[in-house]
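>>> Dropping a prediction and its sequence here:
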Amino acid sequence: MPKVKENISKTNFSDSKYYLNRELSWLEFNQRVLHEALDNRTPLLERLKFAAIFSSNLDEYFMVRVSAIKEQIDAQVETLTTDGMTPKLQLEAISQALRPSVTQQHQLFEEELRPQLSKYGVNLLDYIDLSKEQRTYLQKYFQERVFPVLTPLAVDTGHPFPRMSNLSLNLAVVVKDPITGIERFARVKVPNILPRFIPLPPNLHKDNSKSLVWAGVPLEQIIAHNLELLFPQMIIQEYYLFRITRDSDFEIREDEADDLLLAIEQELRKRRFGGFVVRLEIQTSMPQSIREMLMQELAVTENDVYEIPGLINLKDLMSFMALPLPELKDAPANSMIPSRLQEIYELEEQEEGKDFFAIISQQDLLVHHPYESFTASVQQFITQAAADPQVLAIKMTLYRTSGDSPIVRALMAAAENGKQVVALVELKARFDEENNINWARKLENVGVHVVYGLVGLKTHTKIVLVVRQEGENIRRYVHVGTGNYNHKTAKLYTDLGLFSCREDLGADLTDLFNYLTGYSRQSVYRKLLVSPVNQRQRMIEMILREIEHTKNGNPGKIIAKMNSLVDPQIIATLYAASQAGVQIDLIIRGICCLRPGIKGVSENIRVISIVGRFLEHSRIFYFHNHGNEEIYIGSADWMPRNLDRRVEAVTPIEDYEIVQNLKHILDVLLTDNRHAWELHSNGKYTQRRPGADEPVRSSQDIFMQNING
């Protein structure tokens, strides 16, 4: 590995002016999500979906990121971020940046999306505008379906302020005793076990119109207009909606937990009620007296309060995607069976012995989801391995999987078939802990060896190892991917996976699983880049190698695609490469702390973000290497956690055809002018627009068209 002969410049790359704030960069990403809802080129129900995703993203952001900053403030931490901000300054900046976006989202829904939905026969009505017949129906619905599950909680000297669950939607109710004249406060929770939007029967649609597809009312309005049944013989003075968000991140002292499974189960029970409140959302019309009372009881400040001009919690708009209105949605995305696997499914033409393993043994295989079928490739690989009498062992990692996972069921079947099965289940996969605990117990019950990874490290890598007896020989088949083994998200996320039976990769995965399940200080891998062992070092070495080639008069080029770029050391090395003249293209979907386009520092770096119908989730790393191109795929972003605190695996691609395929994928992404956004040095993004004579190039549409011929 050649060393850089001298420093490219005397630039102090640790200077805060060269970095963007991580939290504000994430807010910029979520603003790009919201833009998909704002963009009238997006089908109407898809716009509604993106508005819901914007809210869902914010919930997690507050539960994890904002709560962590608040904890730092409470602990009087004054450590500066890479971009030079204290925790307090970050919290203020988040509030200042976010409030206009929240207002914009709600104005979009109330003033544009809601009226447009009505034009297409979808009427989200307000209770106050209902006819007498519609109210009568909903009063009966309330009495029969809603009233029995409600529990009004009084707040007075004998009834302390109730403990409220995370993300709960509530009514703050003021009632007056007609005898004493005393006003009292009560809280009524809007139950989340019922649908948020209650439909009216077709015969009660306005004017009995047959053109209406759906008409209904928010559940909280039905409760609010029937409060007299909850507080009989009391006068309902006023009511206002509010919603709370709690800190929901937790840390387990793994070295002190005798049973990690039990420890995480206990923390999950605490999550619903245990964390402090980090956000209070209230109706804009809420009077100051109730606002101050809630703030005091929930121990929040004005900075934590968000006034909502309309429906609170637009995340629930996602339910409208189930409406039978295909003309208001994206055209169905049909995944195809990879061409080399099609013969498996054409039984009448199948050659004797032709199966998944025979196909992989001929040549490495790359799959590109969701354009190519996850079910027909990854899932088929595991399913066939579970049933194949020649397969001796299956080992795989499970980070996030679905509640009805066919892959986990295949692992259970493999264990029942007498195979050696090892599943590394990451119990600390945030917000999937409960699901993973359930699967871990089921797997253990049928004899699967379940392990929970290494103390202090999350196992984020996406790998499978299948050991097969073939005649007198043992052969190892592997899958190294960028995405989770989840058949549902595989239809929504763009991901890549490599199937191979190359001996060096099989040996590396064997060593990696031994590292994960036993005692090992494995520090050398033949091909894999593994975090936290050698990945950081190798990535930096490959960037430095491009600098060396450029200094020797040869063109240097790097293309990297990932979810987030945060790591200061990687960023500083990229700056040095840019100064040396290396051309760098970065495709970063979410957080990017690097400032491109700074004269003399990063003018050779270009950054784009692609936000479209599929969540860009694949990671690809390309290095020109003086014509001896190297390209990698895997599970790791360039973030400190991925390089230092998680187990990750990135594999080189050595098959010529697959290398060309990946280069084509990168080229298509880089020329996107429909869903691509360009990052500027000030941290702001501008969406690309095709010129007057330029065709629209949506990378995701191009991939779908290519797959479907």
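Everything's here; your move.
>>> can you list the domains in this structure?
When the chain is parsed with automatic domain parsing, its domains come out as 44-328, 339-527, 530-707.
>>> Average pLDDT for stretch 611-618, rounded please.
Per-residue pLDDT over stretch 611-618 has a mean of 97.
>>> I'd like to check what contacts that stretch. Which residues are they?
The contact list for stretch 611-618 (Cβ atoms under 8 Å, 6 or more residues apart in numbering) reads 29, 32-33, 35-36, 46, 330, 333, 368, 370, 482-483, 492-496, 561, 563, 587, 589, 610, 633, 674-675, 677, 698-700. Yep, even glycine has a C-beta here, placed from its N, CA and C like the rest.
>>> got the contact list for the residue nearest to residue 245 when sequence neighbours are not counted?
Excluding the flanking residues, the one nearest residue 245 by Cβ to Cβ, 6 or more residues apart in numbering is residue 279, at 4.0 Å. The contact partners of residue 279, by Cβ under 8 Å, 6+ apart, come to 62, 66, 244, 245, 300, 304, 306.
>>> Just say helix, strand or coil for residue 550.
Here residue 550 is helix, with the state taken from DSSP: H, G, I helix; E, B strand; the rest coil.
>>> count of neighbours near it?
22 (other Cβ atoms under 10 Å).
>>> can you check residue 615 too?
19.
>>> beta partners for it?
Beta-bridge partners recorded for residue 615 (DSSP bridges): residue 493.
>>> Please apply the same query to residue 420.
Assigned bridge partners for residue 420, using DSSP bridges, are residue 393.
>>> Do I have it right that it meets residue 386?
No: Residue 420 is beyond contact range of residue 386, at 11.9 Å (criterion: Cβ atoms under 8 Å).
>>> Now list whatever residues contact both of these two.
Jointly contacting residue 420 and residue 386 under the rule Cβ under 8 Å, 6+ apart are residue 394.
>>> Neighbour count: those two, which is higher?
More neighbours surround residue 386 than the other of residue 420 and residue 386, with 22 against 15 (other Cβ under 10 Å).
>>> contacting residues around the nearest residue to the more buried one once chain neighbours are set aside?
Nearest residue to residue 386, sequence neighbours excluded (Cβ to Cβ, 6+ apart): residue 414, at 3.7 Å. For residue 414, the contact set (Cβ under 8 Å, 6+ apart) comprises 385, 386, 387, 391, 394, 421.
>>> secondary structure element for residue 414?
Assigned by DSSP states H and E, residue 414 belongs to helix 406-416.
>>> about what we covered before: list only buried entries from the contacts of stretch 611-618.
For the contacts of stretch 611-618, a neighbour count by 16 or more other Cβ atoms under 10 Å gives the buried set as 29, 32-33, 35-36, 46, 330, 333, 368, 370, 482-483, 493-496, 561, 563, 587, 589, 610, 633, 674-675, 677, 698-700.
>>> partner strands of the lengthiest strand in the chain, parallel or antiparallel?
When the chain is parsed with DSSP state E, its longest strand is strand 235-246. Sheet partners assigned to strand 235-246 using DSSP bridges are listed as strand 169-176 (antiparallel), strand 277-283 (antiparallel).
>>> Compare these and give me the one nearest residue 342.
Counting by Cβ to Cβ, residue 342 lies closest to strand 169-176 out of those; the figure is 48.8 Å.
>>> For residue 128, grab the count of nearby residues.
Using other Cβ under 10 Å, residue 128 has 10 other residues around it.
>>> Please apply the same query to residue 409.
Residue 409: 16 neighbours (other Cβ under 10 Å).
>>> go on, residue 499?
Around residue 499 there are 26 residues (other Cβ under 10 Å).
>>> While we're on it, how confident is the model there?
Value for residue 499, per-residue pLDDT: 98.
>>> measure the spatially most distant residue from the centre of the chain to residue 228 for me?
Taking Cα atoms, centre = their mean, the residue of the chain most remote from its mean C-alpha position is residue 179, at 54.2 Å. As defined by Cβ to Cβ, to the nearest Å, residue 179 lies at a distance of 16 Å from residue 228.
>>> can you give me the helices for the stretch 251-400 of the chain?
260-274, 288-298, 342-345, 356-362, 380-387 (DSSP state H, counting those that start in this stretch).
>>> again with the stretch 601-709 of the chain
So, for the stretch 601-709 of the chain - with DSSP H, counting those that start in this stretch - the helices run 640-644, 656-670, 699-707.
>>> Tell me the buried residues in the longest one?
Think helix 656-670. By neighbour count on 16+ other Cβ under 10 Å, the buried set for helix 656-670 is 658, 659, 662, 665, 666, 668, 669, 670.
>>> Hmm, residue 629 is touching residue 653, no?
No: the pair residue 629 / residue 653 is not scored as a contact, 9.6 Å apart, by Cβ under 8 Å.
>>> Now do the shared contacts for the two.
Common neighbours of residue 629 and residue 653, using Cβ under 8 Å, 6+ apart, are residue 659.
>>> Give me the more crowded residue out of the two.
A side-by-side neighbour count of residue 629 and residue 653, using other Cβ under 10 Å, places residue 653 first with 25 against 16.
>>> need the contact list for the nearest residue to residue 110 once chain neighbours are set aside.
Nearest non-adjacent residue to residue 110, counting by Cβ to Cβ, 6+ apart: residue 310, 4.7 Å away. With contact taken as Cβ under 8 Å, 6+ apart, residue 310 is in contact with 106, 109, 110.
>>> which ones among those residues are found in strands?
Per DSSP E, the contacts of residue 310 never map to strands.
>>> Which member of those is positioned nearest residue 155?
Of all those, residue 155 sits closest to residue 106, with 28.4 Å by Cβ to Cβ.
>>> returning to that earlier point: tell me the phi and psi of the residue nearest to residue 110?
Main-chain dihedrals, residue 310, degrees, to the nearest 10: phi 150, psi -150.
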